[in-house]
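>>> Quick one, fold the following:
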Amino acid sequence: MMTPSVSDIFQRPSESEASILSYVLRNQGTIQPEIARDCGLSQQTVSRLVNELVDRGALALGQRKASGRRGQPSVSLSVAPEYAYSLGVALMTDAMSVLLMDFAGNVVDYEYIAMPVMTRRAVFERFGEVRARFMEETPAARERLTGVGIGISGYCLDGKSRYNPPRSLDDWAMVPIDELFSDALGLPAWVENDANAAAIGESFLGAGRDHADFVYVFMAAGLGGGVVINHRLMRGKHGNGGELGLILPWRLFQLPTLETLLQSIRKAGVNVDGISQMLSQFDPDWPGVDAWIEQSRDPLSLIASAIAALLDPDVIVLGGRLPRSLAHKIIPAIELFDDARRQEPRPLPKLMVSQTQVDACAIGAAILPLEKTFFTSII
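Numbering: from 1, shown residues only. The predicted structure follows:
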């Protein structure tokens, strides 16, 4: 029996409907007057479109909420979790993570898999096993699966789906990754740089709920980032916007990455096999951690100051695979350069820890099919 296509199950939203869905996803429990005010739509249009989205099952009605105006309180709105689902996969240098997400951005299921080799055959074999388990445990997702999103480390080559990843991902180098996944899984597929994917996830489900403009600093085996302006990811001409690690003259600075952290704690006597084991057992008080923070302070200060000077975002978000306890420890060490002219210096962005949980890249990857299908008009 053939699996129904996405177009057979879902009605593609109009631009205004996608705008409303995007707004409600970021502001669960909102009411129609707030949507009309912030989305630039008339109250009559919002009322009509909301009713249609409720009838379709994409939006759910909640409790009544005062709007601050005369008359009866408005009914609150939220995105209906079981309306649609998506899969997200993060391809890392030493592991793969797979995540099932519902329409409201909730993580329904998740699995992290350490991988001795990251060949296509090994990845698709394990992915197939995980997908089968997810569908068995969440039967509602079987026919309402919109697609799969993939996050991978590396530079984009064609502005779409061909990447130049690290050596451990040789089997995924310079090939159309979306087509490979689509052919293997029979699902629509979208691929994005891991840092950009994480920034998209942060925009919908994390800091982006309160900040329209932010820069995401993605710290993993390498160093990358994603730039979000007015809730839109700035991919750049070739899909490589936000490559923050390239700001640093590599001959002058040690890159502040989890690979250099691993080297620092090993040198100090901590015995761990690799990044995955280090993260699973991480202790911010390990010997070598403070030395790494000291070495990372200047390069991170340079990167954060360049971000502040060039883009002037609301916040700079530290995330990726960076442990939250380490992020809280390193943020006070980062300095944003400023000339402090007169009594009122220029406003500077706030540094904060990523607000998404579980796995930043996999969360962002899982958002991709939902964004492309339902949330294409970003507020």
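>>> Just the buried positions in stretch 297-305, please.
For stretch 297-305, burial by neighbour count (16 or more other C-beta atoms under 10 Å) applies to 297-300, 302-305. C-beta: built from backbone N, CA, C; applies to glycine.
>>> what does stretch 301-319 give?
By 16+ other C-beta under 10 Å, the buried positions in stretch 301-319 come out as 302-305, 307-308, 311, 313-319.
>>> what do you get for stretch 365-378?
So for stretch 365-378, counting by 16+ other C-beta under 10 Å, buried means 365-375, 377-378.
>>> Serialize those to a markdown table and add fields for secondary structure.
Conversion of the buried residues of stretch 365-378 to a markdown table gives the following (DSSP: H, G, I helix; E, B strand; the rest coil):
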| residue | secondary structure |
| --- | --- |
| 365 | helix |
| 366 | helix |
| 367 | helix |
| 368 | helix |
| 369 | helix |
| 370 | helix |
| 371 | helix |
| 372 | helix |
| 373 | helix |
| 374 | coil |
| 375 | coil |
| 377 | coil |
| 378 | coil |
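>>> Just flag the most distant two among those residues.
The most widely separated members of the buried residues of stretch 365-378, counting by C-beta to C-beta, are 365 and 377 (20.7 Å).
>>> Residue ranges in the protein under the pLDDT threshold?
1-8, 66-72, 376-379 (pLDDT under 70).
>>> That one: helices as residue ranges?
With DSSP state H as the definition, the chain shows helices at residue ranges 6-9, 15-26, 32-39, 43-56, 120-137, 177-185, 194-205, 258-267, 275-280, 289-311, 324-330, 360-373.
>>> For residue 236, which of those helices is the nearest?
For residue 236, the closest of those is helix 194-205, at 9.6 Å, according to C-beta to C-beta.
>>> Off-centre distance for the closest one?
2 Å (C-alpha atoms, centre = their mean, to the nearest Å).
>>> Extract the C-alpha set from it and format it as CSV.
C-alpha atoms of helix 194-205 as CSV (Å, rounded to 0.1, in the frame of the first residue of the first chain):
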residue,chain,number,x,y,z
ASP,A,194,23.9,22.1,11.1
ALA,A,195,24.3,25.6,12.5
ASN,A,196,21.7,27.1,10.2
ALA,A,197,19.3,24.3,11.1
ALA,A,198,19.9,24.9,14.8
ALA,A,199,19.2,28.7,14.3
ILE,A,200,15.9,27.9,12.5
GLY,A,201,14.9,25.7,15.5
GLU,A,202,15.9,28.5,17.9
SER,A,203,13.9,31.0,15.9
PHE,A,204,10.6,29.0,16.2
LEU,A,205,11.0,27.2,19.6
